[in-house]
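Asks: Mind looking at a prediction? Sequence and model below.
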Amino acid sequence: MAFPARRRRAAVATRDSAARRRRVPMRLMLPSLVLVAMMAMLMVRGYVHSEILADHRIQPEAAADKVPDEILDGGPVIDSRNGRSTSREVPDHRLVLTFDDGPDPVWTPKVLDVLKKHHAHAVFFVTGTMASRYPELVQRMVDEGHEVGLHTFNHPDLSFQSKKRISWELSQNQLALAGAAGIRTSLFRPPYSSFADAMDDKSWPVTEYIGSLGYLTVVNNTDSEDWKKPGVEEIIRRATPEGGEGAIVLMHDSGGDRHQTVQALDRFLPELTSRGYRFQNLTEALGAPSAHTPVTGLDLWKGKAWIFLVGAAENVTGVLVVGLAVIGVLVISRFALMLLLSALHARRVRRPGFRWGPTVTEPVSVLVPAYNEAKCIENTVRSLMASEHPIEVLVIDDGSSDGTALIVEAMGLPNVRVVRQLNAGKPAALNRGIANARHDLIVMMDGDTVFEPSTVRELVQPFGDPKVGAVAGNAKVGNRDSLIGAWQHIEYVMGFNLDRRMYDVLGCMPTIPGAVGAFRRSALERVGGMSDDTLAEDTDITMAMHRDNWKVVYAEKARAWTEAPESVQQLWSQRYRWSYGTMQAIWKHRRAVVERGPSGRFGRVGLPFVSLFMVVAPLLAPLIDVFLLYGVVFGPTQKTVVAWLGVLAVQAVCAAYAFRLDRERMTHLISLPLQQILYRQLMYVVLLQSWITALTGGRLRWQKLRRTGAVEAPGGPAPRQHAGSNDDRRPVA
């Protein structure tokens, strides 16, 4: 009887395992949600700015055979409700001022101020887009006794639209009014309308359909033509009816500069009041019930939710635009600094007779921390055996389980020692190596990296300057044949090595690369050696060097070939650790900003540069692509594409210059545009995940990437050497 229960438990375990496999990782889910939210906010913004779903076509004049004569010859208030076709005139000495296309944040308050000053009422035919963006102005209209009418949501010519689109334009406009002022209105004015006698066979069916929905259509019979800006006197003349007749006067409180309208209104109101005219809203002039109906219940909350969403979209997109401006300034500034300062660095170190100081010939200890590097370690050690500089090699086996230490010992190479320890992480392995090193100059490299014969010699020459405490070498991607490898190759040559030239000139190098770096033992001892406080021990130790008043420089000829991650998952793991570790290092050394002396100089120059260019800029960089996508889809497409191509051109110039400095083939730059679109998004997600980890207080361990051992130094592996009994090969306990 136990077997069925066991099978049930196995089935449950299988389902749970499958569910875990199907579960989307948080590192993907959260950035995806952020991206979707950003795009949703942009869509809402585009919608209320008439960039999405807007239709700017205007119907030419058509015949009027199907329009009833009583409409063509009637007044400006058209009632086609309940199948009727009637119209009404405004009584004599009554003027109904109407303002279209608002509310506008600049001109509508001025119009309202003038109306309030002269105790006049009016009708504002608002668009849903503007009412959604400026709800407080709609509320003010209602509070001050004016009437509000619909002017559609996006201001299209309705004669082009289907009934479904017309209903949608009206319902969305009503939604905006409900959220802005808690009302619903029965007044409607079609966009691009004029007098009743201009109704034609294209617009009349629209008027009939709108009447069937319960709306009064309000056109006009007096047009101030203020949109033409003909001057204050002309606006007043055109707005004044003849012979004391009543009229509906068309004006505008939005759509451009309306200062002439405001000035004309301030004169028009008292002049015609003195002639016996009364300025009323439409239902007051007609003696009809108010056009406003209070909205309650679910409809009211839908309206309020819409207004809140629009406000949030406006604020978020405003922040995004600021972020785009910031990233634009950062990108251009970084490129300009890299081009200028890297040129200065190259000119300085390449001038004839340049020397760091006396030639350094003393032997060097090379430390190779290794954890399960069986596939790579032989290539690494053999490349060191071809060194043109006297060295000893210490392979610190950090508890490997794949026989890494045995491989090194079996090679039987002179001046190569193996130091074993229980797995404790890379900083501990390096400190163990420092303690066992015999020489005062110490080179550190990774177990998956190979050196050229001249690398160690070039790397230690800057120590001819007694002020130099550490040297950064030139790390290169060895496996650049794949697309991911090519992208990383571009990043290493352009992003890392140009940066290091720039930081060298500025005196604030942020990182000695773990793949190829050199240190004075005395400098390491003064700062306490390698620390495990952060995941970026190379960045941490470099910042500590600066704060201890050591110079950190870049040696361009000290080339090392490293195996870059070959899969997205491996790349993700590596960059996640780098990004998070860099944030940790910045936080650890934050007090340098307020300290004095060398520490303060680095804190007020180096830390801001690192924070802006290595944390803020990569985090904001995807905004360029988000706005590119938005601009291509919703416009202005041409300007957007030109702007993005301009940024890409600047990047291409920097990349080409970096490749020229490093004497690399330009063919790899073919994939640069694709790198900028896809690779940047990956780095953005990684950096966002790092931020999440930092904010939640999470910690990561020193992670091991899977290696293939395919990278060799140019010219192939060093020849095999055989040595007899050599004490240097014995492992150190």
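Replies: Here it is on my side, so go on. Numbers count the residues shown, from 1 in each chain.
Asks: Identify the residue spatially nearest to the residue nearest the centre of the chain, adjacent ones excluded.
Replies: Against the mean C-alpha coordinate of the chain, by Cα atoms, centre = their mean, the closest residue is residue 623 at 2.6 Å. What sits nearest to residue 623 in space, not counting adjacent residues and going by Cβ to Cβ, 6 or more residues apart in numbering, is residue 324, at 4.7 Å. C-beta coordinates here come from the backbone N, C-alpha and C atoms, glycine included.
Asks: Can you tell me the SS state at the residue of the chain positioned farthest from its centre?
Replies: Each residue of the chain has a distance to the centre, and by Cα atoms, centre = their mean the biggest one is for residue 243: 62.3 Å. What DSSP: H, G, I helix; E, B strand; the rest coil gives for residue 243 is coil.
Asks: okay, it: pLDDT?
Replies: Looking at residue 243, its pLDDT stands at 87.
Asks: and the gap between it and residue 222?
Replies: With distances taken as Cβ to Cβ, to the nearest Å, residue 243 is found 12 Å from residue 222.
Asks: which neighbours do these two share?
Replies: Residues touching both residue 243 and residue 222 by Cβ atoms under 8 Å, 6 or more residues apart in numbering: none at all.
Asks: Would you mark the buried spots in stretch 306-324?
Replies: Buried residues in stretch 306-324, counted by 16 or more other Cβ atoms under 10 Å: 306, 307, 309, 310, 313, 314, 316, 317, 320, 323, 324.
Asks: before we move on, the earlier item: the residue nearest to residue 623 is in contact with residue 627, isn't it?
Replies: Yes. At 5.9 Å, residue 324 and residue 627 qualify as touching, with contact defined as Cβ atoms under 8 Å.
Asks: Which helix or strand contains the residue nearest to residue 623?
Replies: Assigned by DSSP states H and E, residue 324 belongs to helix 297-350.
Asks: what's the model's confidence in stretch 511-526, averaged?
Replies: pLDDT averaged over stretch 511-526 gives 94.
Asks: For that stretch, list the C-alpha coordinates in PDB.
Replies: Provided in PDB are the C-alpha atoms of stretch 511-526 (Å, rounded to 0.1, in the frame of the first residue of the first chain):
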ATOM      1  CA  THR A 511      39.700  49.400 -11.900                       C
ATOM      2  CA  ILE A 512      42.800  47.300 -12.400                       C
ATOM      3  CA  PRO A 513      41.400  44.400 -14.500                       C
ATOM      4  CA  GLY A 514      41.600  41.000 -12.800                       C
ATOM      5  CA  ALA A 515      42.800  39.500 -16.100                       C
ATOM      6  CA  VAL A 516      46.000  41.600 -16.300                       C
ATOM      7  CA  GLY A 517      47.200  43.900 -13.500                       C
ATOM      8  CA  ALA A 518      50.300  44.600 -11.500                       C
ATOM      9  CA  PHE A 519      51.000  45.900  -8.000                       C
ATOM     10  CA  ARG A 520      53.800  46.800  -5.600                       C
ATOM     11  CA  ARG A 521      53.800  44.600  -2.600                       C
ATOM     12  CA  SER A 522      54.300  47.600  -0.400                       C
ATOM     13  CA  ALA A 523      51.200  49.300  -1.900                       C
ATOM     14  CA  LEU A 524      49.200  46.200  -1.300                       C
ATOM     15  CA  GLU A 525      50.300  45.900   2.300                       C
ATOM     16  CA  ARG A 526      49.500  49.500   3.100                       C
END
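Asks: Where is the longest strand in this structure?
Replies: The longest strand of the chain (DSSP state E) is strand 551-562.
Asks: what sits against the residue nearest to the centre of the chain?
Replies: 320, 323, 324, 327.
Asks: is it true that the first one touches residue 38?
Replies: Yes. If you go by Cβ under 8 Å, residue 320 and residue 38 touch, sitting 6.8 Å apart.
Asks: Give me the common contacts of those two.
Replies: Between them, residue 320 and residue 38 share these contacting residues under Cβ under 8 Å, 6+ apart: residue 626.
Asks: if we can go back for a sec, got phi/psi on the residue farthest from the centre of the chain?
Replies: Per-residue torsions, residue 243: phi 60, psi 30 (degrees, to the nearest 10).
Asks: change the start of the numbering to 23 and stick with it
Replies: Understood, numbering begins at 23; the last thing we discussed is residue 265.
Asks: Report the separation between it and residue 114.
Replies: Computed as Cβ to Cβ, the residue 265 to residue 114 distance reads 8 Å.
Asks: now do residue 143
Replies: For residue 143, the distance to residue 114 (Cβ to Cβ) stands at 18 Å.
Asks: neighbour-wise, which of the two wins?
Replies: Taking neighbours as other Cβ atoms under 10 Å, residue 143 and residue 114 compare with residue 143 leading, 21 against 13.
Asks: wait, what's in contact with the nearest residue to that one once chain neighbours are set aside?
Replies: Among residues not flanking residue 143 along the chain, residue 303 sits closest, at 4.4 Å (Cβ to Cβ, 6+ apart). Listed by Cβ under 8 Å, 6+ apart, the contact set of residue 303 reads 118, 143, 144, 145, 167, 168, 169.
Asks: Can you name the next helix or strand after the helix-or-strand element of the chain with minimal mean pLDDT?
Replies: When the helices and strands of the chain are scored by mean pLDDT, DSSP states H and E, helix 24-44 comes last with a mean of 52. Going down the chain from helix 24-44, the next helix or strand is helix 48-70, by DSSP H and E.
Asks: what about that following helix, distance to the chain center?
Replies: How far helix 48-70 lies from its chain's middle: 11 Å, per Cα atoms, centre = their mean, to the nearest Å.
Asks: ok, residues contacting that helix?
Replies: The list of residues contacting helix 48-70 from outside it, by Cβ under 8 Å, 6+ apart, reads 73-75, 150-151, 154-155, 331-332, 334-336, 338-339, 342, 594, 598, 644, 648, 652, 656, 706-707, 710-711, 714.
Asks: same thing but at 6 Å, please
Replies: With contact meaning Cβ atoms under 6 Å, 6 or more residues apart in numbering, helix 48-70 is reached by 74, 151, 154-155, 332, 335, 338-339, 652, 656, 707, 710-711.
Asks: could you give the angle of it to helix 319-372?
Replies: 110 degrees (axes from the mean of the first three to the mean of the last three Cα atoms, to 10 degrees).
Asks: and after helix 48-70, which helix or strand comes next?
Replies: Next along from helix 48-70, by DSSP H and E: helix 91-94.
Asks: contacts for that following helix?
Replies: Contacts of helix 91-94 (Cβ under 6 Å, 6+ apart): 107, 109, 219, 221.
Asks: What average pLDDT does that helix get?
Replies: On average, helix 91-94 scores 92.
Asks: from the chain's centre, how far out does the next helix or strand after that helix sit?
Replies: Going down the chain from helix 91-94, the next helix or strand is strand 99-101, by DSSP H and E. From the chain centre to the centre of strand 99-101 is a distance of 51 Å (Cα atoms, centre = their mean).
Asks: how about the helix or strand just after strand 99-101: buried residues?
Replies: Once strand 99-101 ends, the next helix or strand along the chain (criterion: DSSP H and E) is strand 108-110. Neighbour-count burial for strand 108-110 flags 109, 110 (criterion: 16+ other Cβ under 10 Å).
Asks: what does stretch 497-517 give?
Replies: For stretch 497-517, burial by neighbour count (16+ other Cβ under 10 Å) applies to 497-502, 506-517.
Asks: now what about it, what contacts it?
Replies: For stretch 497-517, the surrounding residues in contact (Cβ under 6 Å, 6+ apart) are 535, 537-538, 581-586, 677, 680-681, 684, 686, 690, 693, 697, 701, 732-733.
Asks: Mind checking which of those residues are buried?
Replies: For those, buried by 16+ other Cβ under 10 Å: 535, 537-538, 581-586, 677, 680-681, 684, 686, 690, 693, 697, 701, 733.
Asks: circling back: okay, and the residue nearest to the centre of the chain sits in which element?
Replies: Following DSSP H and E, one finds residue 645 within helix 644-656.
Asks: Just give me how far the next helix or strand after that helix sits from the chain centre.
Replies: Following helix 644-656 in sequence order, the next helix or strand is helix 659-683 (DSSP H and E). Distance, stretch centre to chain centre, for helix 659-683: 18 Å (Cα atoms, centre = their mean).
Asks: Much appreciated, bye for now.
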